[in-house]
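Participant: pasting the structure only:
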């Protein structure tokens, strides 16, 4: 893979992981639009590069939300071993882990089927448009009455189950989690922060699962430069995108993201039927 292509895909992954516009959909659309054939049917090489990009965005995510990560991890572990009481910080820490369970189960049961959908441009376009409009509608109608510290076990199950839909290309993990959070009454800033913190166990778990296969088979020859470049590019742009989004939702709605998704979906369908 050319280094320039690794940079473009790293930027794509970093931005779209934390803008609610679907990173999986973009990682399929960008090579398809430019007619890049990096892997030529080699699923091992594609999987290896995908792991590198996700580990990069995980690094950017943890770095940006390090204060939250440290606070909830310490409180949760301290409560587990009996050194601290089960306070709100500890409860939220364990609920964030619990929220990853539905998507993990769904991925285990349906991964082979879902992987076949990744290159279906029509499905990606439908997911982009439908779930973008759903985010806009729910966000515009929601009543903001709850904050981060109201996070409950019921919320963790609802938002975690919704995250399972993001296994379909074009949905957006952060987008669907924010949609459900807004639906259940969280204000925009706290809905976004919850959705991004919920991404840590999801991204880390998926990365570890896929890394096992990569390491057991060995890294493909000649991929190190592209892997390192893509990983660091995704980490840096992910950190920037996350900070931007957290600031943006302080005073703006998700209408702009929804409009972008609909336009991109229409453009993808136009290109598909013109080729």
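Facilitator: Great, that's in hand. Remember, it's a predicted structure, so these values are computed and weren't measured experimentally. Numbers count the residues shown, from 1 in each chain.
Participant: tell me the contacts of the closest residue to residue 249 other than its chain neighbours?
Facilitator: Spatial nearest neighbour of residue 249, chain neighbours left out: residue 188 (4.2 Å); criterion: C-beta to C-beta, 6 or more residues apart in numbering. Glycine gets a C-beta too; all of them are placed from N, C-alpha and C. Counting by C-beta atoms under 8 Å, 6 or more residues apart in numbering, residue 188 makes contact with 139, 144, 182, 249-250, 253-254.
Participant: which ones among the residues you listed are found in helices?
Facilitator: Taking DSSP state H, the ones among the contacts of residue 188 that sit in helices are 139, 182.
Participant: Quickly note the distance from the residue nearest to residue 249 to residue 83.
Facilitator: 35 Å (C-beta to C-beta, to the nearest Å).
Participant: Equivalent analysis for residue 100, please.
Facilitator: Noted for residue 100: a distance of 25 Å to residue 83, by C-beta to C-beta.
Participant: out of the two, which sits in the busier spot?
Facilitator: Applying other C-beta atoms under 10 Å to residue 100 and residue 83 shows that residue 100 carries more neighbours, namely 21 against 9.
Participant: Can you tell me how far residue 230 is from residue 10?
Facilitator: Taking C-beta to C-beta, one finds residue 230 at 4 Å from residue 10.
Participant: so what sits against both of these two?
Facilitator: Counting by C-beta under 8 Å, 6+ apart, the common neighbours of residue 230 and residue 10 are 53, 56.
Participant: Tally up the residues packed near residue 67, please.
Facilitator: Residue 67 has 8 nearby residues by other C-beta under 10 Å.
Participant: do residue 101 as well
Facilitator: 17.
Participant: pretty sure it is touching residue 160, no?
Facilitator: Yes. Under the criterion of C-beta atoms under 8 Å, residue 101 makes contact with residue 160 at 6.2 Å.
Participant: what about the helices in the stretch 51-200 of the chain?
Facilitator: Listed in chain order, the helices found in the stretch 51-200 of the chain under DSSP state H, counting those that start in this stretch are 66-80, 88-98, 101-115, 121-141, 153-164, 173-183, 188-217.
Participant: can you give me the angle the last one makes with helix 66-80?
Facilitator: The reference is to helix 188-217. Helix 188-217 runs at 80 degrees relative to helix 66-80, counting by axes from the mean of the first three to the mean of the last three C-alpha atoms, to 10 degrees.
Participant: Residue numbering should commence at 9 henceforth.
Facilitator: Shifting the count to begin at 9 puts that one at helix 196-225.
Participant: What are the buried residues along helix 196-225?
Facilitator: The neighbour-count check on helix 196-225 (16 or more other C-beta atoms under 10 Å) flags 196-215, 218-219, 222 as buried.
Participant: ok so, going back, output the helices of the stretch 59-208 of the chain as a markdown table; include the columns mean pLDDT.
Facilitator: Below are the helices of the stretch 59-208 of the chain laid out as a markdown table (pLDDT from 0 to 100):
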| stretch | mean pLDDT |
| --- | --- |
| helix 74-88 | 90 |
| helix 96-106 | 91 |
| helix 109-123 | 77 |
| helix 129-149 | 92 |
| helix 161-172 | 91 |
| helix 181-191 | 93 |
| helix 196-225 | 81 |
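Participant: what's the most buried one of these?
Facilitator: Looking across the helices of the stretch 59-208 of the chain with neighbours counted as mean count of other C-beta atoms under 10 Å, the highest average goes to helix 181-191: a mean of 26.
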